[in-house]
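What shape does this take:
(one chain, ligands or ions: 1)
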Amino acid sequence: MTETIDDKPRSNDYSFSGIGNGDIVSESDEDFSKYLLDRMKQLESRNNLLKEQCEQIESDKRYIESQKLKYERETHRLQSEIDRLKSPPLVVASIVDMFDGDKALIRSSTGPQFLVKVSQDLDDGGQLVPGVRVGLNQQTLAVVDIIPESDEPLITAMEVIDSQEVDYSEIGGLDQQIMEISESVELPITKPEVFERIGITPPKGVLLFGPPGTGKTLLAKAVAHRTNATFIRVVGSELVQKYIGDGAKLVRDIFEMARKKAPAIIFIDELDAIAATRLEDTNGADREVQRTLMQLLAEMDGFDNRGDVRIIAATNRADVLDPAIVRPGRLDRIIEIPLPDKDGRETIFRIHTERLNIGSDVDVKKLSDLTEGASGADIGAIVMEAGMLAVRNDSDHIGMSDLLDAVTKVMVPKANNVDHSENMFW
Ligand SMILES: Nc1ncnc2c1ncn2[C@@H]1O[C@H](COP(=O)(O)OP(=O)(O)OP(=O)(O)O)[C@@H](O)[C@H]1O
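Residues are numbered from 1 along each chain as shown. All right, here's what the predicted structure looks like:
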């Protein structure tokens with residue numbers, strides 16, 4: 001219950017004695033003024049309390065208003081998100097060419113090309129140039145959005161090594177092939193004037209073909225090392241299987257990167273995965289492969305022979321290659337990388353054991369005799385296996401018996417495998 005002033009005694013409720021008797025104040029007067037003073041203090045403190053409450057309410061009000069604003073903004077954001085999700089998907093395409101600033105020739109991701117309008121609302125800031133990926137309105141196919149460039153597939157699709165450490169001396173049994181590749185890839189980069197003087201154009205690209213593990217990659221790396229070129233390795237099967245829909249774009253980006261990082265060697269491993277003969281009857285996956293191949297051919301045709309970007313491609317299946325890829329001006333030098341012969345195997349054994357602790361009983365000639373049909377990679381595996389046996393036997397060197405055991409371990413399963421080589425080109 002709130003106490004009111006009216007409930008309290010008033011001055012005329014008190015009997016005044018001694019009025020007019022000078023400064024004599026009665027007891028009841030003192031009580032009353034004391035009461036009024038107390039009362040005033042009480043009211044003052046209540047006033048202060050109310051003021052504080054008022055300030056608190058003001059601050060709560062301000063907080064609620066700011067919260068209201070925040071929720072309004074959030075509602076607006078969610079509403080636009082809902083609108084965005086409800087809107088029809090955009091068709092993805094890339095710009096082939098621009099005309100008059102408001103028309104674009106685009107290639108849709110499914111293949112066909114269209115001449116379409118560019119939305120007037122799209123402030124492209126000069127970004128609409130060939131190669132840029134854009135979003136198209138489904139109905140009108142007008143360019144309504146620019147898709148930001150994502151480096152991710154490009155970076156993961158290839159291996160870029162600024163300088164290689166492999167030297168020709170680490171490759172055994174391929175002296176003739178080293179000479180050929182050196183003339184057709186190394187010389188045009190290091191001494192272009194030799195070709196200019198004679199008046200011939202150097203080959204644009206080289207195709208290495210031969211069984212697996214014979215040193216095709218090794219050879220390409222060694223050329224990159226000799227020329228101080230950036231080595232860009234892409235694997236054909238990955239381009240068309242891992243980056244479905246992006247294969248053609250990746251090919252374009254890879255050549256673009258090679259031009260930027262020139263001198264550069266683009267090494268396309270498993271070329272057959274993108275350059276197999278085209279079949280009449282094609283499904284979606286085949287069309288993807290074809291688009292990637294077409295882009296590869298276009299890139300090869302588009303760059304200058306005298307430039308310092310060279311292509312080395314490798315395949316185990318030269319028999320299935322589309323002849324278009326080996327036409328003059330494309331991969332116009334074909335080099336066979338066969339399984340090593342007896343002398344080749346001996347050299348490869350020497351190369352692979354050179355830096356190891358080898359027993360004096362090791363006879364590489366004998367090892368070479370025993371490993372007919374082995375590739376360089378098999379010889380590498382034999383030496384590695386022999387090293388593991390020596391470790392297991394707690395020996396401080398690799399002995400002939402370790403190598404003989406390793407030959408059996410590596411060569412017997414290989415001999416038991418079905419030999420598909422008769423179906424191949426070589
Ligand atoms: N001629 C060779 N001289 C020395 N080592 C070799 C030779 N050929 C292959 N090797 C060894 O085998 C490994 C694999 O070789 P490489 O990757 O070059 O073969 P590849 O022909 O490219 O095989 P694939 O066709 O399977 O890609 C090399 O790192 C190397 O250790």
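
Going by C-alpha atoms from here, please, whenever you check contacts or count neighbours.
Fine.

right, and Val362 touches Leu404 too?
No - using C-alpha atoms under 8 Å, Val362 is not in contact with Leu404; the gap is 9.6 Å.

low-confidence ranges in the protein?
Along the chain, segments meeting pLDDT under 70 span 1-26, 87-89, 109-111, 149-164, 241-245, 277-287, 304-307, 416-426.

Ala264 pairs with what?
When bridges are assigned using DSSP bridges, the partners listed for Ala264 are Thr230, Val309.

Near it, how many other residues are there?
Neighbour count for Ala264, taken as other C-alpha atoms under 10 Å: 27.

OK, contacts around it?
Applying C-alpha atoms under 8 Å, 6 or more residues apart in numbering, we find Ala264 in contact with 224, 229-232, 258, 308-310.

That one and Arg327, how far apart?
Ala264 is 22 Å from Arg327, where distance means C-alpha to C-alpha, to the nearest Å.

how about the residues of the protein near the ligand?
Contact residues, the chain versus the ligand (C-alpha under 6 Å from any ligand atom): 170-173, 212-218, 316, 348, 376-377, 380.

ranking the residues you listed by neighbours, who comes first?
Counting neighbours by other C-alpha under 10 Å, Lys216 leads the residues of the chain next to the ligand with 28 neighbours.

So that one sits against Ile337, correct?
Yes - counting by C-alpha under 8 Å, Ile337 is a contact partner of Lys216 at 6.9 Å.

Which members of the residues of the chain next to the ligand are the farthest-apart pair?
Taking C-alpha to C-alpha, the two most distant members of those are Glu170 and Asn316; they sit 21.6 Å apart.

between Lys216 and Ile337, what contacts are shared?
What both Lys216 and Ile337 touch, as defined by C-alpha under 8 Å, 6+ apart, is the set 208-210.

Just among these, which is most surrounded?
For the shared contacts of Lys216 and Ile337, counting by other C-alpha under 10 Å, the largest number of neighbours falls to Leu208: 27 neighbours.

I'd say Ala104 and Gln113 touch.
No - counting by C-alpha under 8 Å, Ala104 stays clear of Gln113, with 10.1 Å between them.

next structured bit after the strand ranked longest in the chain?
The strand spanning the most residues in the chain, taking DSSP state E as the definition, is strand 91-99. Proceeding C-terminally, strand 91-99 gives way to strand 103-108 as the next helix or strand, assigned by DSSP states H and E.

Report all helices and strands that the following helix or strand past that next one contacts.
For strand 103-108, the following helix or strand on the C-terminal side (DSSP H and E) is strand 113-117. Strand 113-117 is packed against strand 103-108, with contacts defined by 3 or more C-alpha pairs under 8 Å, 6 or more residues apart in numbering; DSSP states H and E.

Which neighbours in the sheet does the strand it packs on have, and how are they oriented?
Within its sheet, strand 103-108 is paired with strand 91-99 (antiparallel), strand 113-117 (antiparallel), according to DSSP bridges.

Now render the ones you listed as JSON lines, adding mean neighbour count and distance to Tyr35.
Supplementary listing: these in JSON lines, determined by neighbours: other C-alpha atoms under 10 Å; distance: least, C-alpha to C-alpha, whole Å:
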{"stretch": "strand 91-99", "mean neighbour count": "20", "distance to Tyr35": "87"}
{"stretch": "strand 113-117", "mean neighbour count": "17", "distance to Tyr35": "90"}
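
Looking at those, spot the one closest to Gly125.
Between Gly125 and the strands paired with strand 103-108, the shortest gap by C-alpha to C-alpha is with strand 91-99, which sits at 14.0 Å.

what residues does that closest one touch?
With C-alpha under 8 Å, 6+ apart as the test, strand 91-99 has contacts from 104-109, 128-138, 141.

are any of these buried, and which?
Buried residues within those, counting neighbours by 16 or more other C-alpha atoms under 10 Å: 104-109, 128, 131-137, 141.

Most widely separated two among those?
Largest pairwise distance in these, by C-alpha to C-alpha, is 18.5 Å, between Gly131 and Asn137.

So which residues of the stretch 51-200 of the chain form strands?
The residue ranges that make up the strands of the stretch 51-200 of the chain, judged by DSSP state E, counting those that start in this stretch, are 91-99, 103-108, 113-117, 133-136, 143-146, 158-161.

Indicate which one of those is closest to Leu250.
Distances from Leu250 to each of the strands of the stretch 51-200 of the chain were compared using C-alpha to C-alpha; the minimum, 9.3 Å, belongs to strand 158-161.

got the CA positions of the longest strand of the chain in CSV?
Extracted C-alpha coordinates of strand 91-99, given in CSV (Å, rounded to 0.1, in the frame of the first residue of the first chain):
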residue,chain,number,x,y,z
VAL,A,91,21.7,-22.2,-68.0
VAL,A,92,25.5,-22.2,-67.8
ALA,A,93,27.4,-21.2,-70.9
SER,A,94,30.6,-19.6,-71.9
ILE,A,95,31.2,-16.6,-74.1
VAL,A,96,32.6,-17.4,-77.5
ASP,A,97,32.5,-13.9,-78.8
MET,A,98,30.9,-10.5,-78.1
PHE,A,99,29.2,-8.2,-80.6
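
quick one: that strand to chain centroid distance?
Relative to its chain's centre, strand 91-99 lies at 23 Å (C-alpha atoms, centre = their mean, to the nearest Å).

again, but for stretch 396-406
The gap between where stretch 396-406 is centred and where its chain is centred comes out at 43 Å by C-alpha atoms, centre = their mean.

hey, which helix is longest across the protein?
As assigned by DSSP state H, the longest helix anywhere in the chain is helix 27-86.

name the helices or strands packed onto the helix or strand containing Phe255?
Secondary-structure assignment from DSSP H and E places Phe255 in helix 247-260. Under the contact criterion of 3+ C-alpha pairs under 8 Å, 6+ apart, the helices and strands touching helix 247-260 comprise helix 152-157, helix 236-241, strand 264-269, helix 284-302.

Show residues contacting it.
With C-alpha under 8 Å, 6+ apart as the criterion, helix 247-260 contacts 153-154, 157, 230, 232, 239-240, 264-266, 288-289, 291-296, 299, 309.

Touching, Gln290 and Ile274? I think so.
Yes - taking C-alpha under 8 Å as the contact criterion, Gln290 and Ile274 are neighbours in contact, 7.2 Å apart.

who's more crowded, these two?
Neighbour comparison, Gln290 and Ile274: the larger count goes to Ile274, with 28 against 22 (by other C-alpha under 10 Å).

wait, what's in contact with that one?
Ile274 sits next to 236-237, 240, 289-290, 292-293 when contact means C-alpha under 8 Å, 6+ apart.
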